[in-house]
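> Mind looking at a prediction? Sequence and model below.
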Amino acid sequence: MIDLLSYGAFFLTMALSYSVICLGLNVQWGQTGLFNVGVAGFVAVGAYISAVLTTPETAERLGGFHMPIALGWLGGGLGAAFLSALVGAVTLRLRADYLAIATFGAAVVIQLVLLNLETITGGPFGIGFIPRPFGDLATNANAFGLANLVLMAVLVLVTYLVLEHLVRSPWGRVLRAIREDEDAARALGKSPERFRLQAFALGGFVMGLGGAAQAHFIGFIAPDNYLPTLTFQVWTMLIIGGAGNMRGAILGGVLVWGIWAMSGNLVSQLFPAEHQARASSLQIVMIGVALCAVLLMRPRGILGEVKTLSRHLGPRKPEDTVREG
Amino acid sequence: MTTRQGHALPPLQTTGLSRSFSGFKAVDGMSLSLHKSELLGLIGPNGAGKTTMFNMLAGSLPSSSGSICIHGRDVTGQDARTRIGHGMGRSFQIPKPFPHMTVLENVLTGAQNQTGERLFGACFQPGRVRRDEHAAVEKARGLLDFLLLSHLEGQMAAVLSGGQRKLLELARLLMADPDILLLDEPAAGVNPSLLEQIMDRIVTLNTQHGKSILLIEHNMQMVGRLCSRVVVMAQGRELAQGRPDDVTRDPDVIRAYLGDAA
């Protein structure tokens, strides 16, 4: 029972960290239509920056600034936002399929840099001993697990509220207008380039934040965590949950991570040890099957895009109404 | 520089404006002045270069040579996005509403300098955003009343008819307070009863609100009723200009319109 509780907390915390990353992708794809296939790269940058900022000094690599975890998260988000803005500035003029290729390339480059820049990133060995929130509670597994779950849930909630506030603001309205008809938006004086870049950087910030939070929860990161599989997972989360819907992004994160974790357990129980490495590919198959099932039955995702209205638009007052009945 | 109406500078003026497409001169040295509070018609047969001319004026197509001045400021090299800031707005021949946004939201998108449209403002200036937005909603509803769309304000723009889309586009445009309007075939594809209303609104905008309007139109009848002066284009050049009645009697114009059939 107690094991189940702490496992449940662990599972949900991981799942919610993916939900944060997925919210970032939703800003880029769901709201703005930017086809970013380099999610893993931006998540990695957030995770590594936060790790370097918060770990204690070590002899093996440069960095280790021993800063508070909150600063690490912020730094991770800002670093990923900065990188997104940089990548966005050169690639956002590309149409969807070319943007996909460019962002995919960027993610591969980032992963290779992490793998080879040993003096800062620890190379293939990664960075360990990343301070975990509520580390003092580590002796009490349940309290530690629950505290981390609450923290991650708060992060998801705050991210959700801020993003929801933004997409319902006039800023979000322009974003949708640009997605609907770029020429018309331009003729009204809106700069599609500027708004896209902002959305791309904002999404990158959220992805980096999610990556940082996840890294601190696991306590250890290595370049292998940030392969294209991660991008695939996050995309599946968004599509299954419902692109264009912030709640869908959160739900998708939890659901797909659930499928991933359960199928992982199943594989480790059903297959003998010598086949497990190969059998774990079945996890990706499972996600693929779930993706197909959702696309067939609910093409717009489980929750689907909701009609987003600016929160300032109340109904007309009766005395303004010209026509009645 | 002076104009017939005594104002220092015409709102919109082109000098020797040209555009070629791989050697073919679609517009060839057009010099055109739109006077203050004038309703000018630009007409001509198919292929005369009207649309190319319009696209250059709107900034969506770069010119090969010549210049475009808005209120005396040279805007030749500037892109479409900056036109509205100079006080010039355009409509599209096939209207481009934002289909999955409501009619009211469509109109609100036309508002300029909104605090809430800046990421910083949307995050950190909630009071100013609310004030701007309330003012914008009030103004947008006034425009929807003026353009007979208020009963549709909560509907998605996708459900509007062709004529209603033209009205919506006009409302969205007026939200930005331009004093120059470029209207691209406002009569095209509109049913007759709505057409009367659209024409009536255009006249009101011109006579009561003092908007300077350049109308590109195929429909000679409509131009004749609305415009005090028309410019006829043929083969990329100005063929004739003057009062609609005189111009339609001009044998050159008749020949250009009827072509080989004449």
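On my side now, so go ahead.

> Nearest residue to the residue in chain A that chain B sits nearest to in space, ignoring adjacent ones along the chain?
Per CB to the nearest CB, A:Pro170 is where chain A lies closest to chain B, at 3.3 Å. C-betas here are computed from N, CA, C, even on glycine. Leaving aside its chain neighbours, A:Pro170 sits nearest to B:Gly116 (3.3 Å; criterion: CB to CB, 6 or more residues apart in numbering or on different chains).

> so who does the one you found touch?
For B:Gly116, the contact set (CB atoms under 8 Å, 6 or more residues apart in numbering or on different chains) comprises A:169-171, B:122, B:128-129, B:132-133.

> Same question for A:Ala143.
A:134, A:137.

> Show me which of the contacts of B:Gly116 are buried.
In the contacts of B:Gly116, burial by neighbour count holds for A:169-171, B:122, B:129, B:132-133, counting by 16 or more other CB atoms under 10 Å in any protein chain shown.

> Tell me the residue of chain B that sits nearest chain A?
Here chain B gets closest to chain A at one residue, B:Gly116, 3.3 Å apart by CB to the nearest CB.

> Which one of the contacts of B:Gly116 is nearest to B:Ser161?
Closest approach to B:Ser161 among these (CB to CB): A:Pro170, at 27.7 Å.

> B:Val129 is in contact with the closest one, correct?
Yes: taking contacts as CB atoms under 8 Å, A:Pro170 lies within contact range of B:Val129: 6.9 Å.

> where do the contact lists of those two overlap?
With CB under 8 Å, 6+ apart as the test, A:Pro170 and B:Val129 both reach B:114-116, B:122.

> How far does the helix or strand harbouring A:Val289 sit from its chain's centre?
Per DSSP states H and E, A:Val289 falls inside helix A:281-297. Taking CA atoms, centre = their mean, to the nearest Å, one finds helix A:281-297 lying 20 Å from the centre of the chain it belongs to.

> List the buried residues for it?
If you call a residue buried by 16+ other CB under 10 Å, then helix A:281-297 has these buried ones: A:282-283, A:286-287, A:290-291, A:294.

> Quick check: next helix or strand after the lengthiest helix in chain B?
When chain B is parsed with DSSP state H, its longest helix is helix B:126-146. Downstream of helix B:126-146, the first helix or strand assigned by DSSP H and E is helix B:162-174.

> Indicate whether that next one makes contact with chain A.
Yes: using CB under 8 Å from any CB of the partner chain, helix B:162-174 reaches chain A at B:172-173.

> Name the residues of that helix that are buried.
Across helix B:162-174, burial judged by 16+ other CB under 10 Å covers B:163-174.

> and if you look at stretch A:143-162?
Those would be A:144-149, A:151-152, A:155-156, A:159-160, for stretch A:143-162 by 16+ other CB under 10 Å.

> swap in stretch A:299-306?
A:301-303.

> how long is it from one end to the other?
End-to-end distance for stretch A:299-306: 14 Å, by CA to CA, to the nearest Å.

> repeat for stretch A:274-285
Rule used - CA to CA; the end-to-end distance of stretch A:274-285 is 20 Å.

> Tell me the secondary structure of the closest residue to B:Thr115 other than its chain neighbours, please.
Closest residue in space to B:Thr115, ignoring its immediate chain neighbours: B:Gly121 at 3.8 Å, by CB to CB, 6+ apart. When classified by DSSP: H, G, I helix; E, B strand; the rest coil, B:Gly121 comes out as helix.

> can I assume B:Gly121 is in contact with B:Val129?
Yes: contact criterion CB under 8 Å: B:Gly121 and B:Val129 qualify, at 5.9 Å.

> what about B:Gly236, how many neighbours?
22 (other CB atoms under 10 Å in any protein chain shown).

> Give me the distance between it and B:Met56.
According to CB to CB, to the nearest Å, B:Gly236 stands 12 Å off from B:Met56.

> Would you state the strands of the stretch 151-262 of chain B in chain order?
Secondary structure of the stretch 151-262 of chain B (DSSP state E, counting those that start in this stretch): strands at B:180-184, B:212-216, B:229-234, B:237-242.

> Turn these into TSV, columns for mean neighbour count, distance to chain A and mean pLDDT.
Shown next, in TSV, are the strands of the stretch 151-262 of chain B (neighbours: other CB atoms under 10 Å in any protein chain shown; distance: least, CB to the nearest CB, whole Å; pLDDT from 0 to 100):
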stretch	mean neighbour count	distance to chain A	mean pLDDT
strand B:180-184	25	10	94
strand B:212-216	24	15	95
strand B:229-234	23	22	92
strand B:237-242	17	26	92
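
> what would these look like in a markdown table with distance to A:Gly79?
A markdown table is the format used below for the strands of the stretch 151-262 of chain B (distance: least, CB to CB, whole Å):
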| stretch | distance to A:Gly79 |
| --- | --- |
| strand B:180-184 | 45 |
| strand B:212-216 | 50 |
| strand B:229-234 | 56 |
| strand B:237-242 | 58 |
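
> how near is the most centrally placed residue in chain B to B:Met88?
For chain B, B:Leu182 is the residue whose C-alpha lies nearest the centre (CA atoms, centre = their mean; 1.7 Å). To B:Met88, B:Leu182 is 7 Å away according to CB to CB.

> cool, and A:Gln214?
50 Å.

> Just after whatever helix or strand B:Thr51 lives in, pick out the following helix or strand.
If you go by DSSP H and E, B:Thr51 is part of helix B:50-58. Counting by DSSP H and E, the element after helix B:50-58 in chain order, helix or strand, is strand B:65-70.

> avg pLDDT for that following strand?
Averaged across strand B:65-70, the pLDDT comes to 95.

> Repeat that for stretch A:259-277.
pLDDT averaged over stretch A:259-277 gives 87.

> List the buried residues of that stretch.
By neighbour count on 16+ other CB under 10 Å, the buried set for stretch A:259-277 is A:259-261, A:263-264, A:267.

> near chain B too, which of those?
Within these, nothing lies near chain B by CB under 8 Å from any CB.

> Among the residues you listed, which ones are in helices?
A:259-261, A:263-264, A:267.

> which one of the residues you listed sits closest to A:Ile110?
A:Trp260 (22.6 Å).

> Give me the nearest residue to the closest one, chain neighbours excluded.
Spatial nearest neighbour of A:Trp260, chain neighbours left out: A:Gln283 (5.7 Å); criterion: CB to CB, 6+ apart.
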